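Please find the sequence and the predicted model below.
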Amino acid sequence: IHIFPRWILFTILLALFFLRIYLIQGYFIVAYGLGIFLLNNFIAFLSPLEDPNDVGGQRDDGLSLPSTAKEGKEYRPFARRLPEFKFWLACSRGVITSIVMTFFSVFDVPVFWPILLMYFGVLFFMTMKRQIAHMYKHKYVPISFGKHKYKDAGRETGEYGGGMAGSIAGVPQYGAGGAVNRRR
């Protein structure tokens, strides 16, 4: 519920945090920590609730998701390890905590920020590469844009018209006195 306004609020909070970092020209280690925290939450958001490689807490390479259409007849929706609302809540709390941390000079540790930025970029690239390889290996897509819609959904078809098909539009309706009323 209210997904779009929630993420707009998160984007505004994140923009305020980065504006504060830019204006103060400090607290780069807090921004780096926030980036790592957001990346960790994003990976949890993209990951399935049950890892196909994990059976009873132990790794088992013999178990995997169905690889053929015959094996995958049963439809099971993608269950996330971190649901969208909890993902938003954790990210928003992280940004608010980071904004509060910028008001205390103890967190303003002097660092050379280009190295932190470069390290975060490499970390992001390597982590996303591993996550995408995992998604490809186990054939799951964590992002859905709504329900799957079938071609003839809601339309009654078949040899006998699907039961009630045609009962309103082509069949004569009898009114008072036995007169035939035709509906269109």
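Received, thanks.

What is the top helix by length along the chain packed up against?
Counting residues, the longest helix found in the chain (DSSP state H) is helix 113-138. Judged by 3 or more CB pairs under 8 Å, 6 or more residues apart in numbering; DSSP states H and E, the packing partners of helix 113-138 are helix 28-46. Every C-beta, even on glycine, is put in place using the N, C-alpha and C of the backbone.

The helix it packs on vs helix 113-138, what angle?
10 degrees (axes from the mean of the first three to the mean of the last three CA atoms, to 10 degrees).

I'd like the average pLDDT over helix 28-46.
Average pLDDT, helix 28-46: 94.

same question, stretch 138-148
Here the average pLDDT along stretch 138-148 is 67.

ok, then the element right after the least confident helix or strand in the chain by mean pLDDT?
Lowest mean confidence among the helices and strands of the chain (mean pLDDT, DSSP states H and E): strand 58-59, at a mean of 52. Moving toward the C-terminus from strand 58-59, the first helix or strand encountered (DSSP states H and E) is helix 84-101.

Okay, buried residues for that next one please.
Phe87, Trp88, Ala90, Cys91, Ser92, Gly94, Val95, Ser98, Ile99, Met101 (16 or more other CB atoms under 10 Å).

Now do the contacts for the fifth one.
Contacts were defined as CB atoms under 8 Å, 6 or more residues apart in numbering; by that measure Ser92 touches Leu9, Phe10, Leu13.

which among those gets closest to Met135?
Closest approach between those and Met135, by CB to CB: Phe10, at 24.0 Å.

Look up how far Thr97 lies from the closest one.
13 Å (CB to CB, to the nearest Å).

can you check Lys137 too?
35 Å.

swap in Tyr27?
On the measure of CB to CB, Tyr27 and Thr97 end up 12 Å apart.

Just to check, Gly26 is in contact with Asp108?
Yes: contact criterion CB atoms under 8 Å: Gly26 and Asp108 qualify, at 4.6 Å.

How much space separates the spatially closest residue to Gly94 that is not a sequence neighbour from Leu117?
In this structure, Gly94 finds its nearest non-sequential neighbour in Phe37, 4.8 Å apart by CB to CB, 6 or more residues apart in numbering. Note on Phe37: its distance to Leu117, by CB to CB, is 16 Å.

Show the low-confidence segments of this protein, by residue range.
Of all residues in the chain, those with pLDDT under 70 make up the ranges 51-78, 142, 144-184.

For Ile12, pull up the helix or strand it's in.
Assigned by DSSP H and E, Ile12 falls in helix 3-24.

for that helix, packing partners?
Against helix 3-24 (3+ CB pairs under 8 Å, 6+ apart) you get helix 28-46, helix 84-101.
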